[in-house]
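Undergrad: Fold the following and give me the result.
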Amino acid sequence: INIMRTKYFLLLFLLLLGAGCATSQYGSEATAVLEEGEPSIADTTFLYDSRVIALETKDDALIARVNRLIEWKGNLYILDKAGKQVVAFNMDGKHLFTIHRVGMGPEEYSAVMDVAIDKRKNQLVLLTEPSALLRFDAEGNFISSRKLPGYYHSIALDGDFIYLENETYANGRLSENSITAIHGEETTGLLEPLIEIAPFCFIAGHQLSASSPVLFTRKFDNTIYKLENQSVSPSYTIDFMDETFPEDAKDKVYD
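TA: Just a heads-up that it's a prediction; the model follows:
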């Protein structure tokens, strides 16, 4: 595994992979213009101090696919959605533990949607289905479970705030908000959703960043949003120029 340390501008670039092209609903934020160039990437501008880690191979440490990789306090935490698990290794590749609790009990789940680190409590937080937040300590021991009211794709934590990316189109209905912010027992909906013109189109990846403040992008929206406390504000707008999704094409619902 190549461990990549990413500068801020690369994060913005990656976030754009999850964004489509729409007109910002704010208008006062900075605008970045898309410029066409040679189809190449100068990886030395964002990749440095890389190393290869040979992961220990064990029956309880086999990984089908790496969906998210988190480096935290000298350990690696790998989300494997296909395997319905989170697998932990140290930086030498030694297997530490695997969280795989498929079932119907209070400490179990049918799928793992995402994982994040609660840096203040040094805990792993799993976003699961049925919709819940499961907390584990740094050794993979179960701590607690909290049921959630909706359907969510991804999770990010910043201090005492938890941000969840809402499922845009759930149970045949458009969600009321794009983001759910949780602070203690208080829940706040953020960012009114766009009209869903492609309800069955999901772009793989993470639209919530793990930065502080948390950044968010969504499909058919050319704005990069900043999430702080229980508020959302535009950080950048991307001008896709000739590649902008045409306004008259939004009258159709794509299947």
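Undergrad: Run a quick neighbour tally on Leu133.
TA: For Leu133, the neighbour count with other Cβ atoms under 10 Å is 20. Yep, even glycine has a C-beta here, placed from its N, CA and C like the rest.
Undergrad: Start at 5, not 1
TA: With the count now opening at 5, the last piece we talked about shows up as Leu137.
Undergrad: what about it, which SS state?
TA: The three-state label given to Leu137 by DSSP: H, G, I helix; E, B strand; the rest coil is strand.
Undergrad: how near is it to Met245?
TA: 41 Å (Cβ to Cβ, to the nearest Å).
Undergrad: what's the answer for Pro217, then?
TA: Distance from Pro217 to Met245, by Cβ to Cβ: 28 Å.
Undergrad: Which of those two has more residues huddled nearby?
TA: Pro217 (18 against 11).
Undergrad: Am I right that the more buried one is in contact with Asn233?
TA: No - judged on Cβ atoms under 8 Å, Pro217 makes no contact with Asn233 at a distance of 9.0 Å.
Undergrad: Name the nearest residue to Glu196, ignoring sequence neighbours.
TA: In space, not counting the residues next to it along the chain, Glu196 is nearest to Asn181; the distance is 6.6 Å by Cβ to Cβ, 6 or more residues apart in numbering.
Undergrad: can you confirm that neighbour is in a helix?
TA: No - when three-state DSSP is applied, Asn181 is found to be coil, with no helix at that position.
Undergrad: Can you give me the pLDDT of it?
TA: Here the pLDDT value assigned to Asn181 is 90.
Undergrad: Next, count neighbours for Ser158.
TA: 22.
Undergrad: what about it, which helix or strand?
TA: In this structure, Ser158 sits in strand 156-162 according to DSSP states H and E.
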